[in-house]
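K.L.:
dropping a prediction and its sequence here:
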Amino acid sequence: MMGVPTDDARGLEQRAEEVRRWSELFTKIQRGEASEEEIHRYYDYLRAVSEDFIALAGAMLTKHSERLPDQERGLLALSVELHQARLKAIPRQVDEALARKRLQDQRREEWRRNNKMN
């Protein structure tokens with residue numbers, strides 16, 4: 001789980017590598033260069049991360065709320081709200097990413113057609 005603190009050097013290195021891979025995929029998605037499978041894989045990953053954060057924060061609030069300082073309780077509650085908002089936004093983001101991909105595919109095909117004719 002990405003949100004669990006660690007001092008393990010290897011674990012931190014693996015997390016950094018994972019962040020780099022997902023960041024590269026996000027860049028491909030933004031450019032309209034990712035496949036549909038990559039788009040769905042990326043947003044499935046975001047969904048899983050948010051669900052994990054919600055579960056972790058919810059468990060902390062349920063089990064330890066009375067022992068947590070107000071500020072920490074508030075931060076956990078805010079984390080839950082933000083991840084719930086992310087989950088609500090994912091279907092729209094998938095649709096937008098797929099639209100960018102289709103547009104990029106159309107532009108690529110038009111370019112190929114125009115360059116074949118010349």
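P.N.:
Noted; the coordinates are in hand. The shown structure was predicted, so the numbers you read here are calculated from the model rather than taken from an experiment. Numbers count the residues shown, from 1 in each chain.
K.L.:
from here on, just use CA atoms for contacts and neighbour counts.
P.N.:
Noted.
K.L.:
which element is the residue nearest in space to the middle of the chain on?
P.N.:
The residue lying closest to the centre of the chain (C-alpha atoms, centre = their mean) is residue 46, at 3.1 Å. Element membership of residue 46 [criterion: DSSP states H and E] is helix 36-64.
K.L.:
and the very next helix or strand once past that helix, what does it pack against?
P.N.:
Downstream of helix 36-64, the next assigned helix or strand under DSSP H and E is helix 70-117. For helix 70-117, the elements it packs on are helix 9-31, helix 36-64, judged by 3 or more C-alpha pairs under 8 Å, 6 or more residues apart in numbering; DSSP states H and E.
K.L.:
and the helix or strand bottoming out on mean pLDDT in the chain, what does it pack against?
P.N.:
Sorting the helices and strands of the chain by mean pLDDT, DSSP states H and E puts helix 9-31 at the bottom, at a mean of 92. Judged by 3+ C-alpha pairs under 8 Å, 6+ apart, helix 9-31 is in contact with helix 36-64, helix 70-117.
K.L.:
hang on, the earlier thing: just checking, what packs against the helix holding residue 46?
P.N.:
Contacts defined by 3+ C-alpha pairs under 8 Å, 6+ apart place helix 36-64 against helix 9-31, helix 70-117.
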